[in-house]
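Q: the sequence and its predicted three-dimensional model are supplied below.
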Amino acid sequence: MLSAAGQQSLDSAYRTTGTAVVAAFEPQRLVLQTSSAVILDGRKEIAYGVVISANGHVLTKASEVLDAKALAVTVDQMHYREVKLLTVDPTWDVALLKIGASGLVPVVFAPTSEVPQGTWVVANGATTRTARRLLAGIVSAKIREIPAAGGAALGVVLNGKSKVLEVDAVNEKSGAKEAGLQKGDVILSIEGKKVKKVEDIAEVLKDRKAGSTVKMIYRRAGEEITVNVRLAARGEMFTEQMNRNDQMSGEFSPRRSGFPRVMQHDILGSRSVVGGPLLDLDGRCVGMNIARANRAESFAIPVEDLKEIAGRLMKQAGN
């Protein structure tokens, strides 16, 4: 066995991020250049996107862009300041954007995401003002569901001193907030089932997933109001206690769970490089990067699901 001093490390040019390896993926980088989008808030890069139509439709990670104050998009070397957020799929955390462009080059969807573990894939890395850079890695696990961290919840805090289910506070990131619930509202029923105590709510929600919706009836000022409430992952709404792996992982995505299916790969990067396409060696889109989970795991929406999401959101937006 060689001593530590006698062992040789791999030349930096041939490491995953080395110049020789990156140069080998130049054809895929050119696809990223024309068919991925850089999403910005003012001048700050906050995510990437997948170009899905020649006339300016782009998919990206919703939770990274919803709070942007000055949303802008760059495709290739063209910069677009007028960006419309058309619609959102909360289950998958995907947003459909529209920019005033024509003649764009949409991604070519791969026929399947079912590729062997160890298959090379390519995604966006950091970018310069004019050029996309890339990161390469491998598919590292079988396609699977990533359950919501902590389960699904309405996103309300109840008044423990009240004899009814009176709302004491509403989480700003919750579906309850989106549905208009306020402090003082009294929850009467969920999915047609009367609820009188916290345990009743837990029983109704126990098998439901983050991103799904429930019909709720609540009372405000003597009036009964019916709304549909999106269930959010507890991990979305409340800061999770960081474990040792998280502390070593760098900047991971705030939402990294609650996905029906994901492809896992080992491409390194921060939360700001999610949202763009995951390419195979033919430059075809096998998925859309949706979360940087930790130092060893990144998640992508498989192409079969991505195509369904794209078609459905385009239809919802009337395109």
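A: Happy to help now that I have it.

Q: for residue 52, give me its contacts.
A: 58, 59, 106, 107, 310, 314 (CB atoms under 8 Å, 6 or more residues apart in numbering). For the C-beta atoms, the positions are set from N, CA and C on the backbone; glycine is no exception.

Q: helix, strand or coil for residue 310?
A: Put simply, residue 310 is helix when judged by DSSP: H, G, I helix; E, B strand; the rest coil.

Q: count the neighbours of it for me.
A: Neighbour count of residue 310, defined by other CB atoms under 10 Å: 22.

Q: isn't it right up against residue 51?
A: No. Counting by CB atoms under 8 Å, residue 310 sits too far from residue 51 to count as a contact (10.8 Å).

Q: ranges for the strands of the stretch 101-250 of the chain?
A: 120-127, 132-146, 152-153, 156-158, 167-170, 186-190, 193-194, 213-220, 223-230, 232-233 (DSSP state E, counting those that start in this stretch).

Q: now those strands as TSV including mean pLDDT?
A: As requested, the strands of the stretch 101-250 of the chain are exported to TSV (pLDDT from 0 to 100):
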stretch	mean pLDDT
strand 120-127	90
strand 132-146	92
strand 152-153	86
strand 156-158	91
strand 167-170	94
strand 186-190	97
strand 193-194	96
strand 213-220	96
strand 223-230	95
strand 232-233	82
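
Q: and the lowest mean pLDDT element among the helices and strands of this protein?
A: When the helices and strands of the chain are scored by mean pLDDT, DSSP states H and E, helix 244-247 comes last with a mean of 51.

Q: what about dumping the CA coordinates of stretch 51-58 to CSV?
A: Output in CSV follows, covering the C-alpha atoms of stretch 51-58 (Å, rounded to 0.1, in the frame of the first residue of the first chain):
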residue,chain,number,x,y,z
VAL,A,51,-37.0,27.4,-22.5
ILE,A,52,-40.0,25.4,-23.7
SER,A,53,-41.3,27.6,-26.6
ALA,A,54,-39.9,29.7,-29.4
ASN,A,55,-42.0,32.7,-28.4
GLY,A,56,-40.7,33.0,-24.8
HIS,A,57,-42.2,30.5,-22.4
VAL,A,58,-39.8,29.5,-19.6
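
Q: how distant is it from the center of its chain?
A: A distance of 19 Å separates the centroid of the chain from that of stretch 51-58, by CA atoms, centre = their mean, to the nearest Å.

Q: over to stretch 26-36?
A: Distance, centroid of stretch 26-36 to centroid of chain: 21 Å (CA atoms, centre = their mean).

Q: can you offset everything so residue one is 33?
A: I'll keep to 33 as the first residue from here, and by that count the last item is stretch 58-68.

Q: make TSV out of the strands of the stretch 133-282 of the chain and add distance to residue 129.
A: TSV is the format used below for the strands of the stretch 133-282 of the chain (distance: least, CB to CB, whole Å):
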stretch	distance to residue 129
strand 152-159	16
strand 164-178	18
strand 184-185	27
strand 188-190	30
strand 199-202	28
strand 218-222	33
strand 225-226	38
strand 245-252	23
strand 255-262	20
strand 264-265	22
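
Q: for those strands, which one sits closest to residue 303?
A: strand 152-159 (12.5 Å; CB to CB).

Q: what's the angle between that closest one and strand 164-178?
A: With axes from the mean of the first three to the mean of the last three CA atoms, to 10 degrees applied, the angle from strand 152-159 to strand 164-178 works out at 120 degrees.

Q: show me what counts as buried in strand 152-159.
A: Buried residues in strand 152-159, counted by 16 or more other CB atoms under 10 Å: 152, 153, 154, 155, 156, 157, 159.

Q: can I get those residues in CSV including distance to residue 130?
A: What follows is these, written out as CSV (distance: CB to CB, whole Å):
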residue, distance to residue 130
152, 33
153, 28
154, 26
155, 23
156, 21
157, 26
159, 21
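
Q: nearest to residue 299 among those?
A: Set against residue 299, the nearest of the buried residues of strand 152-159 by CB to CB is residue 155 (5.1 Å).

Q: for that closest one, what are its contacts?
A: Applying CB under 8 Å, 6+ apart, the residues near residue 155 are 64, 166-167, 169, 297, 299, 301, 305, 308-311, 321, 330.

Q: return the member of those residues nearest to residue 248.
A: Set against residue 248, the nearest of the contacts of residue 155 by CB to CB is residue 321 (33.6 Å).

Q: so what does the host helix or strand of that closest one touch, helix or strand wise?
A: Using DSSP states H and E, residue 321 sits within strand 317-324. Packed against strand 317-324, as judged by 3 or more CB pairs under 8 Å, 6 or more residues apart in numbering; DSSP states H and E, are the following elements: strand 76-83, strand 89-93, strand 152-159, strand 291-297, strand 309-311, strand 330-334, helix 335-348.
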